[in-house]
Every structure is written in C-alpha cells, then in structure tokens.
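Chemist: can you look at this prediction? I've put the sequence above it.
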Amino acid sequence: MMPASSSSSTRRQHALTRVHVTWVAKKREHWLRFGRIVDEQIISRSQSIKSLAADSVFALVRWDANDYGTIFSAIDIMRAVYPSEPFTTCPDIEPGGESLLELSGWPKVEQVLRAIDAVEAAGVDPCDASPDHWRHVQQRIAAGLQPRVYTMERHIAWQKRREAGL
C-alpha cells in the first residue's frame, strides 16, 4: 500500500495538463500566451513541457512556416480539466482540455492576441477572465465581427456570478 503522501502526489500529478512548447525561430513557434505554469520540464534548447493545474485557463499559440512563409497558425484557449472530466483533444496538449476558443489563420490569431491584450489592459489576468468571454471572442471573430471589450465591470459581474454558483 502506498503512503498517503505518495498517493496524493500521484493524484496531483495526474491532474496536471501538459503543454509541449517548441521554439525553432522562423520555423516552428508554439508558445503559451498566458497560463499559470506549475512545473516545467526542459527537453532541449528548443523544446519544453509546461504543466498547468486542473481548472486553470491558458492560451497556446501555434505557428509553423517553411522557406516560403507561414503554413499554419492557430490559437487555442483552454481550461485544464480534472481527470474525471470529459475533454477535447488538441495537438501539443496532454491529455486535452475544455475548449473555450479555437481559431486558425494568422489574421484571426492576431485578433485573438489583441483581445487578450485588451483583457490585460482592463487590469485583468487573462487566466481569470470569464470563460464565456473567450467563447464570445471565438464566435464574433468566426462571424467576421469585432468582439466586445472585456471590462473590469464585466469581470466583477463574472466574479459575482461565480461566487453565487451561477
């Protein structure tokens, strides 16, 4: 039988979501735009695995190019899930997460990056912003519309709804 501390340590480790990041300049740049990293494993100068705790929100930007320019770009904003929760799979994310936003194509990725900057400009850590805001951003950008700005007032309303269990 395992000691209690080993058992809880194992459960905590299984509750982590691992994100593989790669940085090969001008070829493959996969990075976390935001997220609260609880552990990091460096594999090489250009690769590492960053771990995030369950229930934390993070953004992964993926950009790949060849000698002729960009061949792929995407951004995913996800919530790391607990082991018992269903999840969506996503490249570079183990096991996956709850998808809040998923867009591809550099013009759309840029719009999302600007939306993240706007959340930060409002004085809110993007990790703490309402998950509904990220869903809203995805739907508006996908429809070719401008997303609403996330304000401190919206954030306070989200916090009150969360505290009330709504």
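Modeler: Happy to help now that I have it. Numbers count the residues shown, from 1 in each chain.
Chemist: after the lowest-mean-pLDDT helix or strand in the chain, which helix or strand is next? Please name it.
Modeler: In the chain, no helix or strand scores lower on mean pLDDT, DSSP states H and E than helix 4-14, which sits at a mean of 47. Elements were assigned by DSSP states H and E; along the chain past helix 4-14, the next helix or strand is strand 17-24.
Chemist: report all helices and strands that that following strand contacts.
Modeler: strand 28-34, strand 47-52, strand 57-66, strand 93-104 (3 or more C-beta pairs under 8 Å, 6 or more residues apart in numbering; DSSP states H and E). (C-beta placed from N, C-alpha, C; glycine too.)
Chemist: quick check: buried residues in it?
Modeler: By 16 or more other C-beta atoms under 10 Å, the buried positions in strand 17-24 come out as 17, 19-22.
Chemist: and for stretch 140-153?
Modeler: 141, 147, 150.
Chemist: with stretch 45-64 instead?
Modeler: Within stretch 45-64, the residues scored as buried using 16+ other C-beta under 10 Å are 48-54, 56-63.
Chemist: what of stretch 34-47?
Modeler: So for stretch 34-47, counting by 16+ other C-beta under 10 Å, buried means 34-35.
Chemist: and stretch 70-86, by the same measure?
Modeler: For stretch 70-86, by 16+ other C-beta under 10 Å, it's 73-81.
Chemist: so of the residues you listed, which ones are in helices?
Modeler: Per DSSP state H, helices hold no members of these.
Chemist: closest to Trp106 out of those?
Modeler: Nearest to Trp106 among the buried residues of stretch 70-86 is Ser73, at 4.5 Å by C-beta to C-beta.
Chemist: ok, the closest one - contacts?
Modeler: 61-64, 104-106, 109 (C-beta atoms under 8 Å, 6 or more residues apart in numbering).
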